[in-house]
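> turn this into a model:
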Amino acid sequence: MAPATDRSALGVQLNEEAPDFVREMILDLYPVDNDDFSDVINQKIMDMAFEMANLADGDRSSDDSPITQAAWDWCIAQDPENFADF
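Predicted coordinates:
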């Protein structure tokens, strides 16, 4: 989830003139249509990608990204039971 959020934020940043297109691309990769916790994760990828796009840095590895760290922080704050089916 964390690297996906970082990549998605970079996509938003690089295509800021076409937010609807980027939103569709992210939803193609991370759909929100299962009515389970994966939808919550995928929606969070979308939300964080748009919220943090200004921090995306394609020259920095995902491991060093503040976006990746924010996504991990969000995951850690969730109830572990939510991840039982993954």
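
> now do the lengthiest helix in the chain, average pLDDT.
Longest helix in the chain by number of residues, with DSSP state H as the criterion: helix 37-51. Average pLDDT, helix 37-51: 97.

> residues of it that come out buried?
37, 38, 41, 42, 44, 45, 46, 48, 49, 50 (16 or more other Cβ atoms under 10 Å). For the C-beta atoms, the positions are set from N, CA and C on the backbone; glycine is no exception.

> low-confidence ranges, this protein, go.
The model of the chain has no residue with pLDDT under 70.

> so where do the helices sit in it?
With DSSP H as the criterion, the chain has helices spanning 2-14, 19-29, 37-51, 66-77.

> pick the most buried one from those.
helix 2-14 (a mean of 22; mean count of other Cβ atoms under 10 Å).

> circling back to that earlier point, including distance to residue 59, could the helices of the chain go into JSON lines?
Below are the helices of the chain laid out as JSON lines (distance: least, Cβ to Cβ, whole Å):
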{"stretch": "helix 2-14", "distance to residue 59": "10"}
{"stretch": "helix 19-29", "distance to residue 59": "20"}
{"stretch": "helix 37-51", "distance to residue 59": "18"}
{"stretch": "helix 66-77", "distance to residue 59": "14"}
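
> which one of those helices lies closest to residue 84?
helix 37-51 (8.8 Å; Cβ to Cβ).

> now do that closest one: distance to the chain's middle.
Distance of helix 37-51 from the chain centroid (Cα atoms, centre = their mean, to the nearest Å) equals 5 Å.

> great, nothing more from me.
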